[in-house]
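> Below are the sequence and a predicted model; questions follow.
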Amino acid sequence: MAEKPRIILSAFGDEGANTRSAVEQMAVLAALGLKYYSPRFVDIDATGDIKHVVDLDEAAWKKMSKLQDEYGLSVTSIGSRIGKVKLRDVEDGSHNKYVDPQAYLNDEVAKTINAGKALGAKLIRGFSFYHPQTESPDAYISEAVDRLGPIVEQCAAAGMIYGLEVEANLIGQNGRLLAELARQVKSPHMVCIFDGGNLSTQNMSPVECYAEYEAMREAIGWIHIKDYRIDPSLVWTGVVDEDRLKNFVPSDIGDSGHEAILRDLAVHLPKMNAKMSQLGVKGVFLELEPHLKGGGQFGGFSGPDGMGVAVRSLCRLLDYVGIDYDLRTMKDIVEARGF
């Protein structure tokens, strides 16, 4: 009997913790059986001082690294903010900021890479910049490529891979545009991240979400699992009001078309796993970012219970489509005890 295609399960740590404390994040994910996570916002000492992981100092990164070892967790990616700034310094009615490209490389990009090195990350999640809100993103592809190129080069020099996530309101807001960005950047150190929920929040149907996945499939490095029920009261203007997003649901009941997407993924996983292995990555990650209790521009929240619902829903769906995955077993516990 042929082996099933296999993925690696992961989740954003801050999604599953009520307090965002590092200990709660890791305890929740370990209890759910996960072995990988991505850090984003964290309260390292449980004092109420929540910071983005790239804004921590070396002492805090050492504490996180020690906790990772204690809870048997490894880092999938740094959940960075890179690329969530304006491409041009123009007023467009949005609250997004502009940062000088060289200053951005020296500060935000450098800090993110340092966090990755400290925590053992090979992957960095990032974005494709905000074009002027009232204009078409197609006209800004070349400029975005010019901004992305040096970021990818800086990641490559550090032995890391930049993952470009599909998301509304950015230049790479659909699979077609993201694939074109990847084609023009033309670096093995940049891959794309599919996220169905970031498409269905744009009022795309399951069929449309699948088409966008198909358009970017050859460039995919890993996948975020988020889902959404289309809001029938929403009049689509071409821009997502992230403050009103409220219909996030588990991956087996939303409008992102995950069943069809994962069935197709099963066929292509051997090739994708081989590509990521050549880059020094364990394989293809499916990373939960469910937002079941809310989400917005820079993050989301599901709570311990919501993360549990999201993990079980995804596992049911993976079982149904015939994709294998790895959760902790008694064997892992025995090995951790050193028996």
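Perfect, thanks for sending it. Numbers count the residues shown, from 1 in each chain.
> At the geometric centre of the chain, which residue do we find?
The centre of the chain sits closest to His224, judged by C-alpha atoms, centre = their mean, with a distance of 5.1 Å.
> what residues are up against it?
His224 is in contact with 165, 193-195, 197-198, 287-289, counting by C-beta atoms under 8 Å, 6 or more residues apart in numbering. Where C-beta positions appear, they are placed from N, C-alpha and C, glycine not excepted.
> now swap in Leu245 and tell me
201, 228, 291, 294-296.
> Apply the buried test to those and list what passes.
201, 228, 291, 295 (16 or more other C-beta atoms under 10 Å).
> Adding secondary structure, write those out as JSON lines.
JSON lines is the format used below for the buried ones among the contacts of Leu245 (DSSP: H, G, I helix; E, B strand; the rest coil):
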{"residue": "Thr201", "secondary structure": "coil"}
{"residue": "Tyr228", "secondary structure": "strand"}
{"residue": "His291", "secondary structure": "coil"}
{"residue": "Gly295", "secondary structure": "strand"}
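> Assess the claim that Ala11 and Leu286 are in contact.
No. The criterion here is C-beta atoms under 8 Å, and Ala11 misses it with Leu286 at 9.5 Å.
> who has more neighbours, the two?
It is Ala11, of Ala11 and Leu286, that has more neighbours when counted by other C-beta atoms under 10 Å, with 29 against 22.
> Pipe the contacts of Leu245 into JSON lines and attach pLDDT and distance to Gly254 per row.
Below are those laid out as JSON lines (pLDDT from 0 to 100; distance: C-beta to C-beta, whole Å):
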{"residue": "Thr201", "pLDDT": "92", "distance to Gly254": "10"}
{"residue": "Tyr228", "pLDDT": "95", "distance to Gly254": "5"}
{"residue": "His291", "pLDDT": "95", "distance to Gly254": "11"}
{"residue": "Gly294", "pLDDT": "83", "distance to Gly254": "15"}
{"residue": "Gly295", "pLDDT": "77", "distance to Gly254": "13"}
{"residue": "Gly296", "pLDDT": "68", "distance to Gly254": "18"}
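> all strands in this protein, in order from the N-terminus.
8-11, 36-37, 41-42, 51-52, 74-75, 77-79, 123-126, 161-165, 190-195, 220-225, 227-228, 248-249, 285-288 (DSSP state E).
> Can you add distance to Gly306 and give those back as a markdown table?
As requested, the strands of the chain are exported to a markdown table (distance: least, C-beta to C-beta, whole Å):
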| stretch | distance to Gly306 |
| --- | --- |
| strand 8-11 | 11 |
| strand 36-37 | 15 |
| strand 41-42 | 16 |
| strand 51-52 | 21 |
| strand 74-75 | 22 |
| strand 77-79 | 17 |
| strand 123-126 | 20 |
| strand 161-165 | 21 |
| strand 190-195 | 17 |
| strand 220-225 | 13 |
| strand 227-228 | 13 |
| strand 248-249 | 9 |
| strand 285-288 | 10 |
